[in-house]
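Peer 1: make a model of this:
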Amino acid sequence: MNQSLKPGENTTISTTQGRVEVTHAAGNNLDVNLTAFLVTETGKVVDDSGMVFFNAPEHSSGAASFFAPVVRDGIVSHSISFDSSRLPSNITKIAITLTQDGSAGGFDAVKELRSTVIAGDQILELAPEPFSQETGIIVLELYVRNGQLKARSVWQGFASGLAGLCGFYGVEVEDEAPSAPAVAPTSPSKPVNMTKTVVKLDKPGTSHKVSLEKGPSAPKVIRVSATWVDNGDGSDNDDLDLRIGILRPDGRMSIIQAPDKRGAFDVEPYVFHTGDVVSASDSAPGVETVEINPAISQLMGGKVALVCSVYSAVDNGAVSVASLKPKMRMEYGDQVVECAYEFKSGFFSSMIYTYVIGQIEIDHDNILLSPSGVTSKASSEATPWLTRKADRIELTMDGPEVFKGHPIERSGKKQYV
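Peer 2: Purely as a prediction, here's the structure:
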């Protein structure tokens, strides 16, 4: 039985055992590698053994095994086998990922990219949308829900390669991990699990400062993610979008969202959205992520403010954003700040489509994070708007409406660049 899955779609796998294959056309200066991360409900590995790749080809449980790539007729095939019946009780998901470490550039240089899940007589075919500067990709997720194994097509990209994927799943590498050679590696680089300092902010008015590090060993990315879960209403409306509004030093505003206004990491606006996610469940929360260049303030010539919000379109139906329990997480090296908000009673019945999780101010080497809890007015699709008032950043919910796939709309004198 053959079935095609678009990014964001999921389906049940009828057996516990199978194989994931990822194929692409061979090419000059490509170095594509397949890695599986076995993670808990928190979305993080237990320790470094949760990473299965060419230097650690089998998980201790036998739930996932890596196989060296094979080249036939100009097509490179990478594969990982899985057996969900052997998953430890605390592991709920196997994330299958790719990195492109060669000098050819990002995944725009990788042609004919496809993934196939083969489980008994069931064949799932997953094809991505085109990629550009991404050097790391979450291809798909295998997860257990209500005792059933499911597969979800993801195809979410990262501009920070293996380091970005490792940070996303809670693994740090001591040095830049080596690319997988055509033969067995001779000098493995072992990932290590590092302790992260987590600060939780859940009340408006609180804040936390983070200092940007200097030197060649400084973290290369500030990662901001929004997570949400299925609200259990039985409807397929658990689709939130992470939006980032950027207030530049000259007072102009930009907006970043997927899939049509994803930005860029190394050129303006120095903020890159890694991809659109369209569903969530209790065991597999929805996660959207943006990567911020730590040098954004220097590159733009002054203080930069960012407003991070989640949005549920009116056409998703009557779903309260609060019922999806959204949270924001900012990671910079081993520093982690989580922003959430305790919703007021009665919020669940309100037609609220936008919720501001938090704000970030970056002034050269200093970052200030604060939670918000500000929401749009009932039935309004206005976006968050930032204004600089002397040394203070003012947030209002009266920015122009912005819809996926349409040009940025303008409202009065307020406009996005």
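Peer 1: ok, for Ile360, nearest residue in space, not its chain neighbours?
Peer 2: In this structure, Ile360 finds its nearest non-sequential neighbour in Leu306, 4.4 Å apart by Cβ to Cβ, 6 or more residues apart in numbering. All C-beta atoms are positioned from the backbone trio N, CA, C, and that covers glycine.
Peer 1: and stretch 94-104, what's buried?
Peer 2: Ile94, Ala95, Ile96, Thr97, Leu98, Thr99, Gln100, Asp101, Gly102, Ala104 (16 or more other Cβ atoms under 10 Å).
Peer 1: and the third one, how close does it get to Gly164?
Peer 2: The one in question is Ile96. 16 Å (Cβ to Cβ, to the nearest Å).
Peer 1: excluding its backbone neighbours, what's nearest the residue nearest in space to the middle of the chain?
Peer 2: Geometric centre of the chain, nearest residue: Thr289, 3.5 Å, by Cα atoms, centre = their mean. Spatial nearest neighbour of Thr289, excluding adjacent residues (Cβ to Cβ, 6+ apart): Ser225 at 4.3 Å.
Peer 1: in what helix or strand does that neighbour lie?
Peer 2: strand 222-228 (DSSP states H and E).
Peer 1: now do stretch 356-371, average pLDDT.
Peer 2: Average pLDDT, stretch 356-371: 88.
Peer 1: check contacts around Ala64.
Peer 2: Taking Cβ atoms under 8 Å, 6 or more residues apart in numbering, we find Ala64 in contact with Ala36, Leu38, Val52, Glu58, Ile80, Ser81, Phe82, Asp83, Ile94.
Peer 1: top of these by neighbour count?
Peer 2: Within the contacts of Ala64, neighbour counts (other Cβ atoms under 10 Å) peak at Phe82, which reaches 28 neighbours.
Peer 1: check what pLDDT that one gets.
Peer 2: For Phe82, the pLDDT comes out at 95.
Peer 1: and the closest residue to it other than its chain neighbours, how far from Ala151?
Peer 2: Spatial nearest neighbour of Phe82, chain neighbours left out: Ala64 (5.3 Å); criterion: Cβ to Cβ, 6+ apart. Per Cβ to Cβ, Ala64 is found 14 Å from Ala151.
Peer 1: identify the contacts common to the two.
Peer 2: Counting by Cβ under 8 Å, 6+ apart, Ala64 and Ala151 have no shared contacts at all.
Peer 1: now Lys377, what are its backbone angles?
Peer 2: When read as degrees, to the nearest 10, the backbone of Lys377 gives phi -70, psi 160.
Peer 1: tally of neighbours for the nearest residue to it once chain neighbours are set aside?
Peer 2: Of all residues not flanking Lys377 in the chain, Met397 sits nearest, at 6.8 Å (Cβ to Cβ, 6+ apart). Using other Cβ under 10 Å, Met397 is surrounded by 16 other residues.
Peer 1: so Met397 is in which element?
Peer 2: Going by DSSP H and E, Met397 is in strand 392-399.
Peer 1: point out the other helices and strands that that strand packs with.
Peer 2: When contacts are defined as 3 or more Cβ pairs under 8 Å, 6 or more residues apart in numbering; DSSP states H and E, strand 392-399 packs onto strand 354-363, strand 383-389.
Peer 1: residues contacting the shortest one, please?
Peer 2: When you say that, I think you mean strand 383-389. Residues outside strand 383-389 that contact it (Cβ under 8 Å, 6+ apart) are 243, 245, 247, 251, 253, 255, 305, 307, 309, 311, 354, 356, 359, 374, 393-402, 414.
Peer 1: rerun at 6 Å
Peer 2: By Cβ atoms under 6 Å, 6 or more residues apart in numbering, the residues outside strand 383-389 that reach it are 245, 247, 305, 307, 309, 356, 393-394, 396-399, 402.
Peer 1: can you tell me which of those are buried?
Peer 2: Buried among the contacts of strand 383-389 by 16+ other Cβ under 10 Å: Gly245, Leu247, Ala305, Val307, Ser309, Val356, Ile393, Met397, Gly399, Val402.
Peer 1: most widely separated two among those residues?
Peer 2: By the measure Cβ to Cβ, Ile393 and Val402 form the most distant pair in those, at 20.1 Å.
Peer 1: pLDDT weak spots in the stretch 201-350 of the chain?
Peer 2: Applying pLDDT under 70 to the stretch 201-350 of the chain flags residues 204, 230-239, 277-285, 313-323, 341-350.
Peer 1: what do you get if the cut-off is 50, keeping everything else the same?
Peer 2: Residue ranges of the stretch 201-350 of the chain with pLDDT under 50: 317-318, 345, 347-349.
Peer 1: how about the strands in it?
Peer 2: 208-211, 222-228, 241-247, 253-256, 263-264, 271-273, 286-292, 304-311, 327-332, 335-339 (DSSP state E, counting those that start in this stretch).
Peer 1: which strands and helices lie in contact with the last one?
Peer 2: Put plainly, it is strand 335-339. Applying 3 or more Cβ pairs under 6 Å, 6 or more residues apart in numbering; DSSP states H and E, one finds that strand 335-339 contacts strand 197-201, strand 327-332.
Peer 1: same check on the fourth one?
Peer 2: Judged by 3+ Cβ pairs under 6 Å, 6+ apart, the packing partners of strand 253-256 are strand 241-247.
Peer 1: can we see that at 10 Å?
Peer 2: Judged by 3 or more Cβ pairs under 10 Å, 6 or more residues apart in numbering; DSSP states H and E, the packing partners of strand 253-256 are strand 241-247, strand 263-264, strand 271-273, strand 304-311, strand 383-389.
Peer 1: now do it: everything it contacts.
Peer 2: With contact meaning Cβ atoms under 10 Å, 6 or more residues apart in numbering, strand 253-256 is reached by 242-248, 261-264, 268-269, 271-273, 290, 292, 305-309, 383-387, 399-400, 402, 408, 414-417.
Peer 1: how's the chain carved up into domains?
Peer 2: For the chain, automatic domain parsing gives the domain ranges 2-171, 197-399.
Peer 1: go ahead and measure how far the last one is from the middle of the chain.
Peer 2: Domain 197-399 has its C-alpha centroid displaced from the chain centroid by 12 Å (Cα atoms, centre = their mean, to the nearest Å).
Peer 1: and Asp47, which of the helices and strands packed on strand 392-399 is closest to it?
Peer 2: Nearest to Asp47, of all the helices and strands packed on strand 392-399, is strand 354-363, at 29.3 Å by Cβ to Cβ.
Peer 1: helix or strand right after the closest one?
Peer 2: Sequence-wise, the next helix or strand downstream of strand 354-363 (DSSP H and E) is strand 366-371.
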